[in-house]
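Student: curious how this folds, go ahead:
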Amino acid sequence: MNESDAASPRPVRLAMVGIAHETNTYSDVPADLAAFEADGILRGSEIVAMHATASTTVAGFLEAGTAPGVEVVPLLYTSTGPCGTITADAFETIVGEMIALIRDGGPWDGVLLAQHGAAVSVDFPDADGEVAARVRSLVGPDMPVGMALDMHGNVSHKMIDATTVTTIYRTNPHVDARVRARECADLIVRTVRGEVRPVQHLETPPIVINIVKQYTGEEPMATVVADAIAVEAWPGVLSTSVAEGYPYADVVEMGMAFLVIADGDPELAARGARWMASRSWERRAEFVGDIPSPAEAIAYAAGAPHGPVVIMDVGDNIGGGGPADSTLLLDIALRTGVRDYLQTLYDPAAVEACVAAGVGATVSLAVGGHTNAFQGNPVPFTGKVRAITDGKWEDWRPTHGGARFFDAGTMAVLEGAGNVTIVLTSNRCGNTSIEQMYSCGVRPERKQVVVAKGVVSPRPAYQPIAAEIVLANTAGVTSADLHWFEYERRRHPLFPFEGETAWSPGDR
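Tutor: Residues are numbered from 1 along each chain as shown. Prediction:
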């Protein structure tokens, strides 16, 4: 070792862990340990292999480790598709290992948490807050802890009290996950080096924004995000964030949240967060949803002069916990003779039947509708098996959440009369990558009607080819009609459930 090496300061060493889950407490599909294991409980180099070249939260944290004098050590990361509540066994097993790895792998200068913000476990309605609190208890009050969250997080004061820096995506669809995570990590590094002294202030006005109003590319969210960017330009402000919230997780914190991080100035942080929250509170009536019925959406798309018209199946939003097998739109399309139609369905048994019959065979099956009767019954369908694939693909284009590698399980393509095409999957996989279709030989741009099971998340995939995008108010565990749900934990009063709700900045 030469003298220059001996004089070099030790790199800032950051531990990175995460358990990310968007919990739909109305879903019958539990997030058990097997679900996390099936989607991958990644450790060490496995995390790097899956995320380093992606645009995810984890990718942003890893990227921070490429800066001079910074080492990010990936310990454990796992996620599973949006579904029901995390089982107690899954939560304690995974979080227990996370804590043990941090405890045994030190010394650390800081910790980075790749969470979601809307996780609910059997024992902890605020599961992300519980993770942050356990990490804080382990590392003590002085070690910087950073957390990066999805824009659909139901952000709690427990999360903010246990962290030094929290950042939240600013885009929906989420195409800035890597950028916002990198911002979080960079602020933690600057904190370790004594360059900044972050103080956070969270405002949680009693507003629930309907899922169909959450696209940040149009109003009302465009102005909400613009307000956050404006406050970030104030002298002394380090970061600003807005959470849209996740209305399908029945928790106290359900709703919008506004966060400002200032450099050593708590009054500045509070002033910025309250200004942002007040501006949105004044516009709360604009956050109420109103979209076409399923029949109206199908009729409009089929009769449009140019296609493809992409219909968002709001009630079966796979990215929000939908079962992926709703047949409500398919049933209407078949009964009304719609041509040039395309959609996916999660139906492992139908895939097996197609595999057994072989490519080129004609099969008659009852497809989809196996999870919830209120989201449709199995639909009789006769078609030719056009393709069978392993359901794995890679997409280098922008995708919701920044994922690059996908696995829908074995997929089968069925083509019926009128050029109606159904892509059957063996895994629940959101329609967030157009490469899903290209990988099995389907060209969605040649269809008149394309159904995407989502609200906003399929936009990066389908907006480039769509003549128009229409939302359909289908029934389901992600319905746009929030009065369909029975809430037991939510705050009272809460707008729009209680129209006369009152609020003032600073109320908790």
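Student: tell me the contacts of the spatially closest residue to Leu330 that is not a sequence neighbour?
Tutor: Excluding the flanking residues, the one nearest Leu330 by Cβ to Cβ, 6 or more residues apart in numbering is Val379, at 5.6 Å. The C-beta positions use only the backbone N, C-alpha and C, and glycine is treated the same way. Residues in contact with Val379 (Cβ atoms under 8 Å, 6 or more residues apart in numbering) are Thr327, Leu330, Asp331, Leu334, Ala366, Val367, Gly368, Gly369.
Student: strands - which of those land there?
Tutor: Ala366, Val367 (DSSP state E).
Student: surely Pro294 touches Ile332?
Tutor: Yes. Counting by Cβ atoms under 8 Å, Ile332 is a contact partner of Pro294 at 5.8 Å.
Student: ok, back up a step: any figure for the gap between the residue nearest to Leu330 and Ser326?
Tutor: As for Val379, its distance to Ser326 is 10 Å (criterion: Cβ to Cβ, to the nearest Å).
Student: hey, what's in contact with both of these two?
Tutor: What both Val379 and Ser326 touch, as defined by Cβ under 8 Å, 6+ apart, is the set Gly368, Gly369.
Student: and Pro305, which of the three is it?
Tutor: Per DSSP: H, G, I helix; E, B strand; the rest coil, the secondary structure class of Pro305 is coil.
Student: renumber starting at 42 from here on
Tutor: Sure, I'll start counting at 42 from here, so that last one is Pro346.
Student: now do the phi/psi pair for it.
Tutor: phi -70, psi -20 (degrees, to the nearest 10).
Student: counting neighbours, what do you get for it?
Tutor: 7 (other Cβ atoms under 10 Å).
Student: how near is it to Asp381?
Tutor: Counting by Cβ to Cβ - Pro346 and Asp381 are separated by 14 Å.
Student: over to Asn195?
Tutor: 40 Å.
Student: now Glu337: which helix or strand?
Tutor: Per DSSP states H and E, Glu337 falls inside helix 335-344.
Student: now the element after that helix, going C-ward?
Tutor: Counting by DSSP H and E, what follows helix 335-344 is strand 350-354.
Student: doesn't Leu55 make contact with Ile143?
Tutor: No. Between Ile143 and Leu55 there is no contact under Cβ under 8 Å: 10.6 Å.
Student: of the two, which one has the most company?
Tutor: Ranked by neighbour count (other Cβ under 10 Å), Ile143 and Leu55 place Leu55 first, with 25 against 21.
Student: mind checking pLDDT for that one?
Tutor: Predicted confidence (pLDDT) at Leu55: the value is 98.
Student: sheet partners, orientation included, of the helix or strand that contains it?
Tutor: Leu55 is located in strand 53-61, with elements delineated by DSSP H and E. When pairing is defined by DSSP bridges, strand 53-61 lines up against strand 111-120 (parallel), strand 151-155 (parallel).
Student: any idea which of those strands gets closest to Pro166?
Tutor: strand 151-155 (18.2 Å; Cβ to Cβ).
Student: then that closest one to CSV, C-alphas only?
Tutor: Provided in CSV are the C-alpha atoms of strand 151-155 (Å, rounded to 0.1, in the frame of the first residue of the first chain):
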residue,chain,number,x,y,z
GLY,A,151,-26.0,4.1,6.3
VAL,A,152,-28.9,1.9,5.2
LEU,A,153,-31.0,2.0,2.0
LEU,A,154,-34.5,0.6,2.1
ALA,A,155,-36.1,-0.4,-1.3
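Student: for the helix or strand just after it, enumerate the helices and strands it packs against.
Tutor: As assigned by DSSP H and E, the chain's next helix or strand after strand 151-155 is helix 168-180. Applying 3 or more Cβ pairs under 8 Å, 6 or more residues apart in numbering; DSSP states H and E, one finds that helix 168-180 contacts helix 129-146, strand 151-155, strand 186-190, helix 198-203.
Student: need these in a markdown table with mean pLDDT and distance to Val240, can you?
Tutor: Shown next, in a markdown table, are those (pLDDT from 0 to 100; distance: least, Cβ to Cβ, whole Å):
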| stretch | mean pLDDT | distance to Val240 |
| --- | --- | --- |
| helix 129-146 | 98 | 24 |
| strand 151-155 | 98 | 17 |
| strand 186-190 | 98 | 14 |
| helix 198-203 | 98 | 10 |
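Student: of these, which approaches Gly330 most closely?
Tutor: That would be strand 186-190 among these, by Cβ to Cβ, at 23.1 Å.
Student: got the buried residues for that closest one?
Tutor: Across strand 186-190, burial judged by 16 or more other Cβ atoms under 10 Å covers Val186, Gly187, Met188, Ala189, Leu190.
Student: now that strand against helix 168-180, angle please.
Tutor: 170 degrees (axes from the mean of the first three to the mean of the last three Cα atoms, to 10 degrees).
Student: what residues does strand 186-190 touch?
Tutor: Under Cβ under 8 Å, 6+ apart, the answer for strand 186-190 is 98, 101-102, 151-158, 169, 173, 176-177, 180, 196, 200, 203-210, 218, 221-222, 225-226, 228-229, 282, 284.
Student: any of these buried? List them.
Tutor: Buried among those by 16+ other Cβ under 10 Å: 98, 101-102, 151-158, 169, 173, 176-177, 180, 196, 200, 203-210, 218, 221-222, 225-226, 228-229, 282, 284.
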